[in-house]
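1. Build the 3D model from these lines:
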Amino acid sequence: MVFERLRLEDEEGIANMSAMATEIVREHFDPIIGKAQNDYMLQKFQTVGLIRNQLIHGYQYYFVSEDGRTVGFLAFYPKEDVMYLSKLYLYKTERGKGYSRQMVDFVAGKARNAGLPAIELNVNRDNSAVRAYEKLGFQMIRTEKNDIGEGFFMDDFVFRLELKGEY
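-> Have a look, this model is predicted:
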């Protein structure tokens with residue numbers, strides 16, 4: 001598995017990341033949260049300008065590929081005393097192949113290198129990924145319901161993975 005970091009100066013890469021995020025997120029989340037909220041969230045979090053701004057503010061985005069084809073992407077950043085996993089997405093055709101474990105292991109390595117003892121993430125309560133995160137060793141630590149504007153809410157579980165070993 002290859003992890004290619006997205007750089008701030010890579011305008012084409014940022015555009016490609018935004019397009020890929022839009023494609024994957026629309027396919028996965030329209031049935032869960034509805035097209036209207038999903039469109040709103042994509043405009044709030046995944047446009048070219050917003051990805052650029054996230055990179056400026058410490059997010060690390062990575063294209064993830066296997067056997068020469070892009071299978072998904074990651075985004076994470078240090079947040080207080082943890083590495084916050086903001087995005088872990090795979091194309092529908094690439095799910096169920098064990099890639100998520102390799103992606104989480106990659107983030108765990110980055111967290112350890114930063115001296116952080118855990119990874120945290122939010123996941124929609126109705127997202128099938130809840131089971132995948134549990135299988136990867138994450139534990140639900142709380143629930144959150146966040147107002148994101150325009151009458152929309154993110155109704156999430158917050159999961160945490162304690163990292164073992166050196167950091």
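
2. host element of Thr70?
-> strand 69-79 (DSSP states H and E).

3. Check which helices and strands that strand sits against.
-> Judged by 3 or more Cβ pairs under 8 Å, 6 or more residues apart in numbering; DSSP states H and E, strand 69-79 is in contact with helix 11-33, strand 60-66, strand 82-90, helix 99-113. (C-beta placed from N, C-alpha, C; glycine too.)

4. so of these, which one's packed in deepest?
-> Using mean count of other Cβ atoms under 10 Å, the stretch among these with the largest mean neighbour count is strand 82-90, at a mean of 22.

5. and the angle from it to helix 99-113?
-> Counting by axes from the mean of the first three to the mean of the last three Cα atoms, to 10 degrees, strand 82-90 lies at 160 degrees to helix 99-113.

6. Which neighbours in the sheet does strand 82-90 have, and how are they oriented?
-> According to DSSP bridges, strand 82-90 forms sheet pairs with strand 69-79 (antiparallel), strand 118-124 (parallel).

7. mind checking how far the first one is from the chain centre?
-> What that stands for is strand 69-79. Relative to its chain's centre, strand 69-79 lies at 6 Å (Cα atoms, centre = their mean, to the nearest Å).
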